[in-house]
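# Please work out how this folds:
(chains A and B)
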Amino acid sequence: MHSHFKINSIAFISIVRKEIARFMRIWPQTMLPSVITTSLYFLIFGDFLGSRLGTIHDIKYMTYIAPGFIIMVIITNAYNNVASSFFSERFQSSHQEFVWSPISYHTMICGFIAGGILRGILTGFLVTMIALMYTKIHISHPITMIIITALTASLFAISGFINALFANRFDSIATIPNFVLTPLIYLGGVFYSIELLPPLWQSISLFNPILYIVNAFRYSMLGVADVPVATAMTAIFSINIILYTTCYMLVKKGVGVKE
Amino acid sequence: MRAALEIKNCKKTYKNGTPAINNISLSINEGDFFALLGPNGAGKTTLIGIIASLITPNSGSIKIFGEDLNTNPWFVKQKLGIMPQEVNFNIFQNSIQILENNAGLYGISAKEAKPEISKLLKRLNLWDKRYKTVRSLSGGYKRRLMLARALVHKPKLLLLDEPTAGVDVETRSETWDFIKEINENGTTVILTTHYLEEAESLCNQVAIINQGKMLQNSSMNELLQTLESESFILYLDKPIDIKPDLKNIDSKLLSATELEITIDKNVNISEAIILLAQQNITISSIKNKRNRLEELFIKLTQDNSR
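Residues are numbered from 1 along each chain as shown, chains lettered A, B, ... in the order given. Below is the predicted model of the structure:
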């Protein structure tokens, strides 16, 4: 009889390996679209329009928006990886292997979340390499960057898992990214500082959680932010805890995994 | 002998109000080869699903090798190997990846699992297909792979939900031989099947359920002894026009060369053969009209449905 620790650690590695193999196998569907889209953004806002757009906080426009693009890619990739992978397991009923095996639900959830985090970070890294072809990026606060990257990727990976638990067809895992995440990201200060907005829109923007993530990440790279970074990081950490607890309770209750 | 599985007062009604399991209790000893039989919709798959933790019962308890599934799932789940009725693979993976990942879920690293995986793939004639993705495998190979997956962590209790459904005769025969071998090596086997002839020859214990209720739970021998009469088809050497006189043995002429006889359990079939011989009627071959378990199964389930 194997120990709890041995079973769960080997199972965790097994799930993560499977997840990496999955997103690497279908890289034209998983990572390439983000790389192409952001390359186009950099081309348009860097080469074509960049010289006409001036500066924000005395930073070249292209440099100012680069962190926003990178974190946007991390968010969408972390979310989509877990949502599509776990829903695909449910769709094929292969998630039953996790349910009838002796592993803890934490191991199952964390394995998928780790897969999402890794894809988010890997794609974010590729996009950063492309950004470096257009602009110089100096990392002002590397520790903050590591923490905010990990917390953001994990937050959206957990959200993707919760989405996959409730999804009943493939459309359902595209609804949240298309109709919730994308508007929030685009209105979350990726392309502008909220200081440029009228007061009403500035106030409305403060209710957008993505604004805090984008600004905390921008602060870690460029040293400028529209919101208090410590507050943003505490909020992101707290939401991680709340969402993970919710996710675990849902799985324990059997939502999406048992009848 | 200790119980491999104990189910007490298990009930399950689905959210749409469909009652699936109605107060079923069952005990299966270690080493048994147990047939769980019932018509379609009887509740067999639901019961297997409950034991496999895929379905939450409304009430009742499940113990495996003395440990409760709810309070000690970690122990219980390591002992169980499950082969569901429906194919439930990640179809984009190949056989090796599926078996390695599944071993990983039982704390066995890919390296540790390698010898067992090779052994199972070879034994189940899957070795040549080991790098093919599941979606490219035929139905029979998928079933064999499901069996290999259920065994990769060497379980002590094997649950097989219709392991030979939809496979060809040769694969079916090979599968039964393999399952028999597993049982002889000490693994308790519980299977559901619609192949009653095979269940009769393989299993030493049997339960018949219908509409979620237990109709019969006994040893196979005890059950077969309850059969009061048995029907045979006799194939005659030469055609006859008139039904022969077999005294108190019921008979029916199906065609000029086929005679159906029904004999009570206290009458020997040789009596019928002697009576026919006295009337110059000789027999080329004999077969059971239905196998004995099938006869009882139909009787029990029909009585219950009335």
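
# Output stretch B:71-85 as PDB, restricted to C-alpha atoms.
Only the C-alpha atoms of stretch B:71-85 are listed here, as PDB (Å, rounded to 0.1, in the frame of the first residue of the first chain):
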ATOM      1  CA  THR B  71     -14.700   7.200   5.600                       C
ATOM      2  CA  ASN B  72     -11.600   5.500   4.100                       C
ATOM      3  CA  PRO B  73     -11.800   6.100   0.300                       C
ATOM      4  CA  TRP B  74      -8.000   6.200   0.000                       C
ATOM      5  CA  PHE B  75      -7.700   2.600   1.100                       C
ATOM      6  CA  VAL B  76     -10.800   1.400  -0.700                       C
ATOM      7  CA  LYS B  77     -10.000   2.900  -4.100                       C
ATOM      8  CA  GLN B  78      -6.500   1.400  -4.200                       C
ATOM      9  CA  LYS B  79      -8.100  -2.000  -4.000                       C
ATOM     10  CA  LEU B  80     -10.600  -1.400  -6.800                       C
ATOM     11  CA  GLY B  81     -10.100  -1.900 -10.600                       C
ATOM     12  CA  ILE B  82     -13.000  -0.700 -12.700                       C
ATOM     13  CA  MET B  83     -13.900  -1.300 -16.300                       C
ATOM     14  CA  PRO B  84     -17.100   0.700 -17.100                       C
ATOM     15  CA  GLN B  85     -19.600  -0.200 -19.800                       C
END
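
# Give me the buried stretch members for that stretch, please.
B:73-85 (16 or more other C-beta atoms under 10 Å in any protein chain shown). From N, CA and C alone the C-beta is placed, and that goes for glycine too.

# the strands in the stretch 1-150 of chain B, which residues?
Per DSSP state E, counting those that start in this stretch, the stretch 1-150 of chain B has strands spanning B:3-13, B:19-29, B:33-37, B:59-64, B:67-68, B:80-83. These are given in chain order.

# circling back: would you turn the buried residues of stretch B:71-85 into TSV with pLDDT and distance to residue A:193?
Putting the buried residues of stretch B:71-85 into TSV (pLDDT from 0 to 100; distance: C-beta to C-beta, whole Å) gives the following:
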residue	pLDDT	distance to residue A:193
B:73	93	52
B:74	91	52
B:75	93	58
B:76	95	57
B:77	96	54
B:78	96	56
B:79	96	61
B:80	97	58
B:81	97	59
B:82	97	56
B:83	96	59
B:84	95	55
B:85	93	59
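
# for those residues, which one is nearest chain A?
residue B:77 (3.9 Å; C-beta to the nearest C-beta).

# Just list the residues touching that closest one, thanks.
A:100, A:101, A:102, B:53 (C-beta atoms under 8 Å, 6 or more residues apart in numbering or on different chains).

# what do you get for residue A:133?
residue A:42.

# does it count as helix, strand or coil?
Following DSSP: H, G, I helix; E, B strand; the rest coil, we place residue A:133 in the helix state.

# can you list the residues of chain A near chain B?
A:1-4, A:6-8, A:10-11, A:13-15, A:17-18, A:21-22, A:25, A:88-89, A:92-94, A:96-103, A:254, A:258-259 (C-beta under 8 Å from any C-beta of the partner chain).

# Good, we can wrap up now.
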